[in-house]
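1. all I have is the shape, not the residue letters:
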């Protein structure tokens, strides 16, 4: 009696396009096989890697790219717009650059102390998308919380330095 079992293993190293590895088991006592055959049945185990047509990107890769890059960029752009509006409204109330320096310490520092306006505006535009991409690419759980705390600390330190320099 021959039982053929297909097993897609994510941990199995990729062996190349349109290739597979065959191995024969002498007995059917593997707990994961689940075929229900008596103990002397032979199993043909075929490990099949993901087949991808040449020249095309797999849907899983597009999904991963969307999850790790494009969606965080859109979230970062949205945060940038919100904080530019908040900084502008709060800065109009006090007629100063303090809120903008708090929200965008890197770009504001470049704008105040150099003549490179385009570099300052580029830093303002890229700050929150970069933060979002960093957080999206960190694995879940404690590492994400640690990364968030590190980002808050770095941003807070940059804002504090920017405010000290702005006040002088």
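-> Structure's in. What do you need? Everything numeric in this text was worked out from a predicted model, so none of it was measured.
2. list the buried residues of stretch 85-102.
-> Of all the residues in stretch 85-102, those buried under the rule 16 or more other Cβ atoms under 10 Å are 87, 91, 97, 98, 99, 100, 101, 102. Glycine gets a C-beta too; all of them are placed from N, C-alpha and C.
3. residues making contact with stretch 63-78?
-> Surrounding stretch 63-78, the residues in contact under the criterion Cβ atoms under 8 Å, 6 or more residues apart in numbering are 127, 128, 129, 130, 131, 132, 133, 135, 136, 137.
4. the same query, at a cut-off of 7 Å, please.
-> With Cβ atoms under 7 Å, 6 or more residues apart in numbering as the test, stretch 63-78 has contacts from 128, 129, 131, 132, 133, 136, 137.
5. now do that stretch, average pLDDT.
-> Averaging pLDDT along stretch 63-78 yields 89.
6. with stretch 81-93 instead?
-> Rounded mean pLDDT across stretch 81-93 is 90.
7. quick thing: my sequence starts at 34, can you match it?
-> Sounds good: first residue 34 from here, last item stretch 114-126.
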